[in-house]
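Student: Turn this into a model:
(chains A and B)
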Protein chains: 2
Amino acid sequence: MTMHKDNFADKLLLKVIEKKSACVVGLDPLINLFPKLIVSELFKGNHQKQRDMIAETITNFNCQIIDAIYDIVPAVKPQSAFYEVFGFPGIRALEETCKYAKDKGLLVILDAKRNDIGSTAEAYTKAYLNSENPFGMDVDSLTVSGYLGSDGINPFVKSCEQFGKGMFVLVKTSNPSSQEVQDLRTANESKIYEILAQRVKEWGSVCVGSRGYSSVGAVVGATFPDTLQLLRKIMSQTIFLVPGYGAQGGTADTIRHAFNPDGQGAVISASRSVLYAFRSEKWSKHFNEEEFAQAARAEVENMREKINQVRSKV
Amino acid sequence: MTMHKDNFADKLLLKVIEKKSACVVGLDPLINLFPKLIVSELFKGNHQKQRDMIAETITNFNCQIIDAIYDIVPAVKPQSAFYEVFGFPGIRALEETCKYAKDKGLLVILDAKRNDIGSTAEAYTKAYLNSENPFGMDVDSLTVSGYLGSDGINPFVKSCEQFGKGMFVLVKTSNPSSQEVQDLRTANESKIYEILAQRVKEWGSVCVGSRGYSSVGAVVGATFPDTLQLLRKIMSQTIFLVPGYGAQGGTADTIRHAFNPDGQGAVISASRSVLYAFRSEKWSKHFNEEEFAQAARAEVENMREKINQVRSKV
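Tutor: Okay, here's the model as predicted:
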């Protein structure tokens, strides 16, 4: 197997530099939070008509968001669950959204937390990280779980090498109960997330790009600043995907240690605080519902500035 | 929230008794292994035509398998990855397959190993375990990962209670490298999979049915007989979903300890050894390609008998 000429880590970091932005926007379509003008047609028809219109409605919302933010973010991160909830029309919307984002020069990180072994893991790589599958989604990167060990990781690493793709392995998630399993201390004193971090470093050693970072990244939540700092030391060449900014309580201050001293090495993700900014106290004064995309842009600009301030001071 | 009148564990165990079978057939469509007569039309057209025909081709294969085995298995277990690989037409086939299986009186366990937190986990429950979502798949049970802790499990447990659904939490998987994380020994001497087992027991305590088993089950691989025995003791009220029989090396002998002394408490899953039995040395002598469904039935009958022998001797 020859290494692909492109390297996902290189591509992502270049876009972070070009756009002066380490912000990733999570595309989590929650129809109940959509502006009225987007859904007004949707709830009129019967079940079959609604089903037919779902893909169109979600894609319409996402494309307007993408149009408003594509020049100030390196990547978008659709969360698969919010599309799966609508059955195959939802998946159609996800495919169309990913295609539109890529056409706009964005990288697409699909947040699907897939995990399986052997031929099943290979099927997932074919579904999402294989440029030669004519029926696949062909995104740039995928979140995966490492609970199954190397058997569940190696097929994805192979896609990273072969097709210039990326992946982010769950190491320490942003939710309060993440400590129940991830913070368990093993007999040799390391916590589970530290052991996963060590493995991520090893798994990723085969696809370190010319900028010094690996295409095998790690998911590390924004809500545990001390852990972020510790994990940054263990995984110096690993790009962190940091969810939990905004709605979950992460701030520019809690995520500063996700970055290396060069101000690189992490992308920070926010979803609802951006997509539905027009509903927030902060932005509803400035934008009405029709201006939901401008409100999203304003929130991303705000987030970008705050994050760039802490990046320059790491 | 009121408890649903149905309980998944009760429903599953009743079907095991009625059909005298603890065998579950994994519906993993691998088009390259399909009989020629099923795919002959598929590869003729252009890309768009192929795409249109995928759902039909996969559904056709699955329905013929279901017709051949529905009276001798309690449930089928489609593996989501093998449908996702074909994009939204694949998901359409999955939906149609699940509906067909349910119409034939089978329970559907969707093997998707989903895992996420908060509103995202809720979206997954709406996608798969919510009878009130008009766009959802509404299967009977879902496999999930517990790496994220209770936040990632509770929304699914709620669906078990509210809609009479089931779930199987990954505890010890059948692959060789499962030991890398799952077998790590913690400071208190327990292994990670033992701790997960303890948690599964706790999570499941709220939905124990009248037959004494919980709707919150556990995935425990067929390939580690000693571990199966140990986990059976920790989780006496938990139904085990045991993959790894057949193609992965599990046998009636390695899985005997998945059962409680009453011969209940486990379902054993096989996929490729059943679906593509017509290609095996054992069955290709007796069945030609056109008889792929009869070959699948013969393999299930064989498996059922072997498993029933060890069930009666636990």
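Student: Could you give the backbone dihedrals for residue A:123?
Tutor: Torsion angles at residue A:123 (phi, psi; degrees, to the nearest 10) stand at phi -60, psi -40.
Student: pLDDT score assigned to the nearest residue to it once chain neighbours are set aside?
Tutor: Of all residues not flanking residue A:123 in the chain, residue B:81 sits nearest, at 3.8 Å (CB to CB, 6 or more residues apart in numbering or on different chains). No exception for glycine: its C-beta is placed from N, CA and C like everyone else's. Note for residue B:81: predicted pLDDT of 98.
Student: Quick check: buried residues in the lengthiest helix in chain A?
Tutor: Counting residues, the longest helix found in chain A (DSSP state H) is helix A:47-69. Using 16 or more other CB atoms under 10 Å in any protein chain shown as the test for burial, helix A:47-69 gives A:50-51, A:53-55, A:57-66, A:68-69.
Student: what about the strands in the stretch 151-300 of chain A?
Tutor: A:166-172, A:214-220, A:238-242, A:266-270 (DSSP state E, counting those that start in this stretch).
Student: do you know which of the ones you listed lies nearest chain B?
Tutor: Smallest distance to chain B across the strands of the stretch 151-300 of chain A (CB to the nearest CB): 6.3 Å, for strand A:166-172.
Student: For that closest one, what does the pLDDT average out to?
Tutor: Strand A:166-172 shows a mean pLDDT of 98.
Student: other SSEs contacting it?
Tutor: Here strand A:166-172 touches helix A:8-18, strand A:107-114, strand A:141-144, helix A:154-163, helix A:192-204, strand A:214-220, helix A:225-234, strand A:238-242, going by 3 or more CB pairs under 8 Å, 6 or more residues apart in numbering or on different chains; DSSP states H and E.
Student: I'd like these as JSON lines, with mean neighbour count appended.
Tutor: Shown next, in JSON lines, are the helices and strands packed on strand A:166-172 (neighbours: other CB atoms under 10 Å in any protein chain shown):
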{"stretch": "helix A:8-18", "mean neighbour count": "20"}
{"stretch": "strand A:107-114", "mean neighbour count": "25"}
{"stretch": "strand A:141-144", "mean neighbour count": "27"}
{"stretch": "helix A:154-163", "mean neighbour count": "21"}
{"stretch": "helix A:192-204", "mean neighbour count": "22"}
{"stretch": "strand A:214-220", "mean neighbour count": "29"}
{"stretch": "helix A:225-234", "mean neighbour count": "17"}
{"stretch": "strand A:238-242", "mean neighbour count": "28"}
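Student: what's the closest of these to residue B:277?
Tutor: Closest approach to residue B:277 among the helices and strands packed on strand A:166-172 (CB to CB): helix A:154-163, 25.7 Å.
Student: Now the one helix or strand residue A:89 maps to: average pLDDT?
Tutor: In this assignment (DSSP states H and E), residue A:89 forms part of helix A:87-103. In this model, helix A:87-103 has a mean pLDDT of 97.
Student: Next, the angle from it to helix A:47-69.
Tutor: Using axes from the mean of the first three to the mean of the last three CA atoms, to 10 degrees, the inter-axis angle of helix A:87-103 relative to helix A:47-69 is 20 degrees.
Student: Kindly calculate the angle that helix A:87-103 makes with strand A:107-114.
Tutor: Interaxial angle of helix A:87-103 relative to strand A:107-114 (the same axes, to 10 degrees): 150 degrees.
Student: so who does the residue of chain A most remote from its centre touch?
Tutor: Taking CA atoms, centre = their mean as the measure, the residue most remote from the mean C-alpha position of chain A is residue A:46, 34.3 Å away. Residue A:46 sits next to no residue when contact means CB atoms under 8 Å, 6 or more residues apart in numbering or on different chains.
Student: how far away is it from residue B:15?
Tutor: 35 Å (CB to CB, to the nearest Å).
Student: Can you tell me the element the spatially most central residue of chain A falls in?
Tutor: With distances taken as CA atoms, centre = their mean, the residue of chain A nearest its centroid is residue A:77 (3.7 Å). Taking DSSP H and E as the criterion, residue A:77 maps to strand A:75-78.
Student: following that strand, which helix or strand shows up next?
Tutor: Per DSSP H and E, the first helix or strand lying C-terminal to strand A:75-78 is helix A:81-84.
Student: Quick check: which helices or strands does that next one pack against?
Tutor: With contacts taken as 3+ CB pairs under 8 Å, 6+ apart, helix A:81-84 sits against helix A:87-103, helix B:118-128.
Student: Next one: the first one, is it in contact with chain B?
Tutor: Yes: using CB under 8 Å from any CB of the partner chain, helix A:87-103 reaches chain B at A:87, A:88, A:89, A:90, A:91, A:92, A:95.
Student: so where's the stretch 201-314 of chain A uncertain?
Tutor: Along the stretch 201-314 of chain A, the model assigns pLDDT under 70 to residues A:313-314.
Student: quick one on the thing from earlier: the helix holding residue A:89 - contacts with which helices or strands?
Tutor: Using 3+ CB pairs under 8 Å, 6+ apart, helix A:87-103 sits against helix A:47-69, strand A:75-78, helix A:81-84, strand A:107-114, helix B:87-103.
Student: Of the ones you listed, which is nearest residue B:263?
Tutor: Among those, helix B:87-103 comes nearest to residue B:263, with 24.9 Å by CB to CB.
Student: For that closest one, give me every contacting residue.
Tutor: A:87-89, A:91-92, A:95, A:127, A:135-137, B:27, B:29, B:51-52, B:54-59, B:62-63, B:66, B:70, B:76, B:78, B:80, B:82-84, B:86, B:108, B:110, B:137-140.
Student: quick one on the thing from earlier: any chance of the strands of the stretch 151-300 of chain A in JSON lines, plus distance to residue A:192?
Tutor: Shown next, in JSON lines, are the strands of the stretch 151-300 of chain A (distance: least, CB to CB, whole Å):
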{"stretch": "strand A:166-172", "distance to residue A:192": "9"}
{"stretch": "strand A:214-220", "distance to residue A:192": "13"}
{"stretch": "strand A:238-242", "distance to residue A:192": "17"}
{"stretch": "strand A:266-270", "distance to residue A:192": "21"}
